[in-house]
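Curious how this folds, go ahead:
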Amino acid sequence: MQSTSLEKIPATVITGFLGSGKTTLITHLLQNVGDKKIALIINEFGDLGIDGNLLASCGNPNCTEDDIIELTNGCICCTVADDFVPAIEKILAREEKIDHIIIETSGLALPQPLVQAFNWPEIKAKVTINGVITVADAEALANGRFAHDESQVQQQREEDENLDHISSLHELFEDQLICADMILLNKAELVNADRLLELTAEISREARDGVPVVAISRGIIDANVILGLDMSAEDDIASRKSHHEMEHDAEHEDGQPHHHAHDHDDFKSISLDLPAIADIEQFEAGLAAIIHQHSILRLKGFVAVAGKDMRYIVQAVGPRIEGYYDRMWAFGEERKSRLVVISGAKFNEVEVTSQLKQLAEALLAAE
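Numbering: from 1, shown residues only. Presented below is the predicted three-dimensional model:
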């Protein structure tokens, strides 16, 4: 059913750390929303529109490339006035009415400023936050990433010197949990049942009272559940304070200054184009070696494979690489590979870029 001018358009905010499965979840939602007209706002880290490109090929005729707005000028929580509000206004100004807006934040975004933005007069009368969904990587949590167990955090620090900013990542993860109306433990199939129950209990203790924690696999969940929460989250912003907001409150209480800037210096990203690859298995093996050598947090993109008429999607979270063919190359579309790589502050961008280019060239020469 189309929204009338008297109704507020519902918006769903999907947040979560790098590699948690946000894009996979949104792809599933788009494929299962029936005839609803969907608009997407995607805030990517890095300057390559990988997520937008993937979602545009999801196969839903009610969500085309024209319905996708990509914000790549910085973290959406820091560019609300410059980027996010104009994006919403652009959607509202469309002649064809939208039934639902889905907003995918970058893995670095604090959801709280975004929720607050829905109280801006230009937005509040026409759009409401149906729900904030936080997606978490169950396997990563099971292995001690962003866990409350200090011994696990210390063990990971000892194993990987590039993860020495774990405290700030931990706070970011907690902020995403406290703002959520629903928390999805994605990749649950990679965790044994007993540990999954423990994780569910642990995450529930960090969330606000009554917020459901749901274990899912491969981003699969009933679209009506995600898009039908009807929470009006912008009216409940006071119960969703971030660490920085609580520090700000403490500053007023004790009279002492507290640092509460949202700092993204813990992360770097590179994006690059590569030629068609002759052997995808060798390419993935080479990627795995580069990821291991540089402790890369996240890699994703698409690959042109010589002799194949379909585009190959590659995604890596830490050492785990997944790949699949998603669609046919379009007529006249340049068949090249495009990757975005995200990692910590000690990330050697020049060396990683050089190694990726050498890998592609070696496989191209072997064709």
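
is it true that Val211 touches Met182?
Yes - using Cβ atoms under 8 Å, Val211 is in contact with Met182, at 6.6 Å. Heads up, the C-betas are built off the backbone N, CA and C, glycines and all.

Stretch 83-93 - what's its average pLDDT?
Stretch 83-93 shows a mean pLDDT of 82.

Same question for stretch 322-329.
Rounded mean pLDDT across stretch 322-329 is 87.

Return the helix or strand in this protein with minimum mean pLDDT.
helix 150-159 (a mean of 43; mean pLDDT, DSSP states H and E).

Domain ranges for the protein, per the record?
9-254, 267-365 (automatic domain parsing).

Tabulate these (CSV), appending mean neighbour count.
Shown next, in CSV, are the domains of the chain (neighbours: other Cβ atoms under 10 Å):
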stretch, mean neighbour count
domain 9-254, 18
domain 267-365, 17
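
Now Phe302: which helix or strand?
Using DSSP states H and E, Phe302 maps to strand 298-303.

what does Val225 give?
Secondary-structure assignment from DSSP H and E places Val225 in helix 223-227.

do the same with Gly307
Going by DSSP H and E, Gly307 is not part of any helix or strand.

Could you do Ile270 as well?
strand 267-274.

circling back to that earlier point, which stretch in the domains of the chain has the least confidence?
domain 9-254 - the lowest mean pLDDT of the domains of the chain, at a mean of 77.

quick one: the strands in the protein?
Ranges of strands in the chain, per DSSP state E, are 9-16, 38-43, 68-71, 100-104, 127-137, 182-186, 213-215, 267-274, 298-303, 310-317, 320-328, 337-344.

Put together TSV for the ones you listed, with distance to Leu92 on each row.
Listed next are those as TSV, based on distance: least, Cβ to Cβ, whole Å:
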stretch	distance to Leu92
strand 9-16	8
strand 38-43	10
strand 68-71	12
strand 100-104	10
strand 127-137	7
strand 182-186	26
strand 213-215	31
strand 267-274	31
strand 298-303	31
strand 310-317	32
strand 320-328	30
strand 337-344	30
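
Which of those sits closest to Ala238?
Ala238 lies closest to strand 127-137 among those, at 14.3 Å (Cβ to Cβ).

Paired strands for the closest one, with orientation please.
Here strand 127-137 has these sheet partners by DSSP bridges: strand 9-16 (parallel), strand 182-186 (parallel).

quick one: the longest one to strand 38-43, angle?
Looking back up the chat, that one is strand 9-16. Taking axes from the mean of the first three to the mean of the last three Cα atoms, to 10 degrees, one finds that strand 9-16 is oriented at 40 degrees with respect to strand 38-43.
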